[in-house]
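Undergrad: Predicted model, plus sequence, below.
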Amino acid sequence: MGDLDPMRTRHRATTRSVLSLNARMLNDKKLADCTGEECAQFGEIYGRFAAAADPPRNSVGDVLPLTPLSCALLSGWFRRLAAEVGPNNKVGDVLSEQEVLRAICKE
């Protein structure tokens, strides 16, 4: 169990930095200013990155400094945010920073 602690810490730090309401997204807008529809599009893009990387343990390379697993997680997170926010609402108008983190951790 102790071996997983550093991985959990890195995972939490990545989640907080990538999905902060002030983080710049692929469209150069802050997450807070993105709509649910844009989040759904990010989910599709990261899903394609994850599927395109082969073998699965390699990094995505020049496209992003992320592993396919990270891209798959981001894809799921953005899709959850899109569902939580709705297609026409802005993330920052609907969710606080804490609510964003709660939304992506839902099963």
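TA: Structure's in. What do you need?

Undergrad: Pull out the buried residues from the helix or strand containing A72.
TA: Per DSSP states H and E, A72 falls inside helix 68-85. Neighbour counts over helix 68-85 (16 or more other Cβ atoms under 10 Å) mark 68, 70-75, 77-82, 84-85 as buried. (Glycine included, C-beta is placed from N, CA and C.)

Undergrad: Please apply the same query to stretch 88-104.
TA: In stretch 88-104, counting by 16+ other Cβ under 10 Å, buried: 90-92, 94-95, 100-101, 103-104.

Undergrad: Now do the end-to-end distance for that stretch.
TA: Using Cα to Cα, to the nearest Å, the end-to-end distance of stretch 88-104 comes to 19 Å.

Undergrad: Can you list the neighbours in contact with that stretch?
TA: Contacting residues not belonging to stretch 88-104 are listed as 15-16, 19-21, 30-37, 39, 76-77, 80-81, 84-86 [Cβ atoms under 8 Å, 6 or more residues apart in numbering].

Undergrad: To what extent is N22 buried, counted in neighbours?
TA: 11 (other Cβ atoms under 10 Å).

Undergrad: Tell me the helix or strand right after the helix or strand of the chain with the lowest mean pLDDT.
TA: The weakest-scoring helix or strand in the chain, judged by mean pLDDT, DSSP states H and E, is helix 5-18 (a mean of 62). Using DSSP H and E, the helix or strand that follows helix 5-18 in sequence is helix 36-52.

Undergrad: Pull the residues that contact that next one.
TA: Under Cβ under 8 Å, 6+ apart, the answer for helix 36-52 is 25-27, 29, 34, 60, 63-64, 66, 68-69, 71-72, 74-79, 81-89, 91.
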